[in-house]
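J.: Could you look at this predicted model? Sequence included:
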Amino acid sequence: MNVLLAQMPIVDADVGRNLEAMLEIIESAGGSADLIVFPETTLCGFPDKTEVGDVAMTVESQAIQLLKAAARRGSVALAFGFAEQDGGAFYNTAVLLDREGRIALRYRKSHLWPHTDRGVFTAGNAFFVSEIDGVKIGLIVCYDVEFPETSRALARLGAQLILVLDGNMSPYGPVHRRAVTARAMENQCYAVLVNRVGAGRELEFAGESLAVDPYGEVIDEVDGTAPLLVTLDLSAVEASRKDYHYLQDARLPIANVSESASVDGVTNRVLKIGAEHLR
């Protein structure tokens, strides 16, 4: 699978400019990628609580429809983030579109960063894995990667590739670099982290987007803002589990999983956080 790491600057609370930049990247990929991965809240950046109502959208919003059309036109899967409005709540949401522009996954960030998420967004309570081109893919967002349980939940669901949509600011870049290599190694799967770069509102974003193999080795990393294309050989996932298999050897209880359907009817697997763990 060829994956394009679309590290990019994002303008906080400006959907139009961010959408335009995303569409340019998709067009420029020219069919070279099977999957393009964008940073956290790609469409809107980090709105504050006074702005979120103005920039939040539903999955039926025009910006989402334009990205669906771009996926179909380029026959490319897309992973990106936005502020989602559902009822009276707002979520820091990531979606995975398949090559036909259907929503294969919709994931709502479950661990809210104290300084940009709390007071603005509501936490999600479920993890999902869906299949694109025969590859089982799961999504997490930024602060989620610092908690081993999030990636392990995706691994329990069968993920071969974990996508981390990141909005990590300086000076914390090395934290997520260390975390994503550990998450890949301990779950014996690929992990791709894509961060935003450049100045935001009162924040400077670290970049340092990278792809990691199932042994925890860095395959490649982005230098600057030019998107980086990496090729993932999925046979490495099974090869890494040949002599020892962490998921099978772990003595902690295996979480119950079930099948579900995405917004657009694509079948995926889901693991929900129990009510006793919700805060």
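T.: Perfect, I can see it now.
J.: chain center to stretch 129-144: distance?
T.: 7 Å (CA atoms, centre = their mean, to the nearest Å).
J.: swap that for stretch 224-236, please
T.: Mean-position distance between stretch 224-236 and its chain equals 15 Å (CA atoms, centre = their mean).
J.: How about stretch 259-279?
T.: With CA atoms, centre = their mean as the basis, stretch 259-279 stands 16 Å off its chain's centre.
J.: let's have the chain start at 42 instead
T.: Right, with 42 as the first residue, what we last looked at is stretch 300-320.
J.: Give me the buried positions along that stretch.
T.: S303, D305, V307, N309, R310, V311, L312, K313, I314 (16 or more other CB atoms under 10 Å). C-beta coordinates here come from the backbone N, C-alpha and C atoms, glycine included.
J.: likewise stretch 204-214?
T.: Under 16+ other CB under 10 Å, the buried positions of stretch 204-214 are L204, V205, L206, D207, G208, N209, M210, G214.
J.: Any stretches of the chain with poor pLDDT?
T.: Within the chain, the stretches with pLDDT under 70 are 294-296, 315-320.
J.: ok, back up a step: in strands, which of the buried residues of stretch 300-320 appear?
T.: The strands, defined by DSSP state E, take in N309, R310, V311, L312, K313 from the buried residues of stretch 300-320.
J.: who touches the fourth one in this structure?
T.: This points to L312. Contact analysis of L312 by CB atoms under 8 Å, 6 or more residues apart in numbering lists A167, F168, F169, A194, R197, L198, A296, N297, V298, S299.
J.: Farthest pair within the residues you listed?
T.: Greatest spacing in the contacts of L312, by CB to CB: F169 and N297 (14.5 Å).
J.: Name the residue in these two with the higher neighbour count.
T.: Legend: neighbour count by other CB atoms under 10 Å for F169 and N297, higher for F169 (25 against 9).
J.: I'd say that one and K313 touch.
T.: No - contact status for F169 versus K313: not in contact, 9.8 Å apart, counting by CB atoms under 8 Å.
J.: Show which residues not belonging to stretch 79-89 make contact with it.
T.: Contacts of stretch 79-89 (CB under 8 Å, 6+ apart): 47-49, 51-56, 59-60, 63, 66, 95-98, 104, 119-124, 133, 135, 157, 161, 182-183, 206-208, 235-237, 241-242, 244.
J.: Quick one: end-to-end length of that stretch, please.
T.: 21 Å (CA to CA, to the nearest Å).
J.: go on, stretch 150-162?
T.: End-to-end span of stretch 150-162 (CA to CA): 9 Å.
J.: Could you give the separation of it from the chain centroid?
T.: Using CA atoms, centre = their mean, the offset of stretch 150-162 from its chain centre is 16 Å.
J.: buried stuff in that stretch?
T.: By 16+ other CB under 10 Å, the buried positions in stretch 150-162 come out as K150, S151, H152, L153, W154, T157, D158, V161, F162.
J.: and the residue lying closest to the last one once chain neighbours are set aside, what helix or strand is that in?
T.: So the one you mean is F162. Spatial nearest neighbour of F162, chain neighbours left out: N133 (4.6 Å); criterion: CB to CB, 6 or more residues apart in numbering. Using DSSP states H and E, N133 falls within strand 130-138.
J.: Now the element after that strand, going C-ward?
T.: strand 144-149.
J.: Can you list the strands that that next one pairs with?
T.: Looking at strand 144-149 with DSSP bridges, its partner strands are strand 130-138 (antiparallel).
J.: picking up where we left off before, tell me the spacing between the residue nearest to F162 and A291.
T.: According to CB to CB, to the nearest Å, N133 and A291 sit 29 Å apart.
J.: Compare these two and say which is more crowded by neighbours.
T.: N133 (33 against 13).
J.: Right, I'll leave it there.
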